[in-house]
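Asks: Got a predicted structure here, sequence first:
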Amino acid sequence: MDRAPGMSVRLRLALSYAGFLMVAGALLLAAVWLFLLRYVPERALLVSSDTLTHGVFPVRSGLLRAFAPSAAAVLVFLLVFGLLGGWVLAGHMLAPLSRITDATRRATDGSLSHRIRLPGREDEFRELADAFDTMLARIETHVAEQQRFVANASHELRTPLAISKALLDVARTDPGRDTGELLDRLHAVNTRAIDLTEALLLLSRAEQRSFTREPVDLSLVAEEATETLLPLAEKHGVTIETGGDIAPTSGSQALLLQLTVNLVHNAIVHNLPDRGAVRVSTGVRPRTVVLTVENTGEKLAPRLVPTLTEPFQRGTERVRTDHAGVGLGLAIARTITHAHDGTLTLTPRAAGGLRVTVELPAAAPRTGPEGT
């Protein structure tokens, strides 16, 4: 709906300043006038010649005729001075707001790299500008991550489709080819595509936080995840050790289980080729609970570790394994952690391998008969 144009804030502030100054001046003139009236008679005084009093004694009517033009001139001066001064002061006061508005327009046009960087002392406008700069930085980072994610997802999804097309083209040109091998390869390619699609859906669900919170014990989740992946660990010759304390938190049981499964699966697959080990533990801190998954393995470069939680970030040796996954394991774990208001930290172990620490808010203690 179209809105009728109105007065600018600067003009309204200028009028307000001028109006306030006019009222203050009028009150001051009225106070002076009332003060003078106390000592000015309404009628002329008769003074005898033998008194010591000499001079002219004005009456109220004469004083009013002399005072009114001067008072009117003062009020006109205050009006003009108030308008001009108010206009200048309002422009100076609203200058930071103009910079914020300009930055907002640039962001609306798609320029997220611009920052206000408002100078000066800390005040309401400075706080607003700093908050806006922080918001722009986060949005720019999020948009860049989304664009990179979409590009990587498109590439990952295009790869199995291209392989399927190539296999079908080969089968069409060579009717005598063994169909059993073709079906096995098509099945493997389609399975990978389905796993990737499900991982993308899970990642989207975690980002949207579309889940119901309920009490969850991370120690029980860790036990369930390790039991589920125990056959995979035995196949890779990896031993799993679990331990720790009861770690109550709140969130989605299914998502936290998926988080733990992803971390344990990653620790099993990316381990030593022989006699590898994985340790899963839980703990309690003053206000948080902690899930730690660490494994043995090759030494990791410190610069490489922060990139492991990016979607589709896998080393070359990971891609060649039959359990390489879809490159979203740690990315999903990080997203689930953030959706539960927690933090996920990756730390390379000095002896080789990786330590992943998930810290989540602890559940509020129960009160009442059932909680005692």
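Replies: Nice, I can see it. Residues are numbered from 1 along each chain as shown.
Asks: What segments of the stretch 151-300 of the chain are helices?
Replies: 179-208, 218-235, 253-269 (DSSP state H, counting those that start in this stretch).
Asks: Please name every helix or strand in contact with the shortest one.
Replies: Counting contacts by 3 or more C-beta pairs under 8 Å, 6 or more residues apart in numbering; DSSP states H and E, helix 253-269 packs against helix 179-208, strand 214-217, helix 218-235, strand 238-244, strand 276-284, strand 288-295, helix 329-339, strand 354-361. Where C-beta positions appear, they are placed from N, C-alpha and C, glycine not excepted.
Asks: Give the lowest-confidence helix or strand of the protein, using mean pLDDT as the measure.
Replies: Least confident helix or strand of the chain, by mean pLDDT, DSSP states H and E, is helix 316-319 with a mean of 39.
Asks: any chance of the helices of the stretch 151-300 of the chain in a markdown table, plus distance to Phe125?
Replies: Shown next, in a markdown table, are these (distance: least, C-beta to C-beta, whole Å):
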| stretch | distance to Phe125 |
| --- | --- |
| helix 179-208 | 33 |
| helix 218-235 | 45 |
| helix 253-269 | 41 |
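Asks: Out of those helices, which one sits most buried?
Replies: Compared across those, helix 253-269 shows the largest average neighbour count, a mean of 23 (mean count of other C-beta atoms under 10 Å).
Asks: quick one on the thing from earlier: I'd like the helices and strands packed on helix 253-269 laid out as a markdown table, including mean pLDDT.
Replies: A markdown table is the format used below for the helices and strands packed on helix 253-269 (pLDDT from 0 to 100):
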| stretch | mean pLDDT |
| --- | --- |
| helix 179-208 | 75 |
| strand 214-217 | 93 |
| helix 218-235 | 92 |
| strand 238-244 | 92 |
| strand 276-284 | 95 |
| strand 288-295 | 95 |
| helix 329-339 | 85 |
| strand 354-361 | 95 |
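Asks: Can you tell me which of those is nearest to Gln253?
Replies: strand 214-217 (5.3 Å; C-beta to C-beta).
Asks: So which bits of the closest one are buried?
Replies: Of the residues in strand 214-217, those buried by neighbour count under the rule 16 or more other C-beta atoms under 10 Å are Val216, Asp217.
Asks: Could you do stretch 351-360 as well?
Replies: Under 16+ other C-beta under 10 Å, the buried positions of stretch 351-360 are Gly353, Leu354, Arg355, Val356, Thr357, Val358, Glu359, Leu360.
Asks: now do stretch 11-25
Replies: For stretch 11-25, by 16+ other C-beta under 10 Å, it's Leu13, Ala14, Leu15, Tyr17, Ala18, Leu21, Met22, Gly25.
Asks: and that stretch, average pLDDT?
Replies: For stretch 11-25, the mean per-residue pLDDT is 82.
Asks: do the same with stretch 143-155
Replies: Per-region confidence: stretch 143-155 scores 69 on mean pLDDT.
Asks: Surely Ile163 touches His187?
Replies: No - using C-beta atoms under 8 Å, Ile163 makes no contact with His187, being 12.0 Å away.
Asks: measure Arg349 to Thr307 for me?
Replies: 17 Å (C-beta to C-beta, to the nearest Å).
Asks: no wait, Arg275
Replies: For Arg275, the distance to Thr307 - C-beta to C-beta - is 28 Å.
Asks: bridging residues for the closest residue to Gln253 other than its chain neighbours?
Replies: Setting aside the residues directly before and after it, Gln253 is nearest to Val216 in space (C-beta to C-beta, 6 or more residues apart in numbering), at 5.3 Å. On the basis of DSSP bridges, Val216 takes part in beta bridges with Thr249.
Asks: circling back to that earlier point, so for Arg349 and Thr307, which sits in the more crowded spot?
Replies: Arg349 (14 against 10; other C-beta atoms under 10 Å).
Asks: tell me the pLDDT at the more buried one?
Replies: You'll see Arg349 listed with a pLDDT of 91.
Asks: tell me the contacts of the residue lying closest to it once chain neighbours are set aside?
Replies: Counting by C-beta to C-beta, 6+ apart, Arg349 lies nearest to Arg355, which is 5.6 Å off, once chain neighbours are set aside. If you count contacts by C-beta atoms under 8 Å, 6 or more residues apart in numbering, Arg355 has them with Thr292, Val293, Glu294, Leu346, Thr347, Pro348, Arg349.
Asks: What residues does the last one make contact with?
Replies: Shown here is Arg349, whose contacts under the criterion C-beta under 8 Å, 6+ apart are Glu294, Thr296, Arg355.
Asks: try the second one
Replies: Neighbouring residues of Val293 by C-beta under 8 Å, 6+ apart: Thr260, Leu263, Val264, Ala267, Val278, Arg279, Val280, Arg355, Val356.
Asks: Show the contacting residues for the residue nearest to it when sequence neighbours are not counted.
Replies: Excluding its sequence neighbours, the residue lying closest to Val293 (C-beta to C-beta, 6+ apart) is Leu263, at 4.3 Å. By C-beta under 8 Å, 6+ apart, Leu263 lies in contact with Ala225, Leu291, Val293, Gly329, Leu330, Ala333, Val356, Val358.
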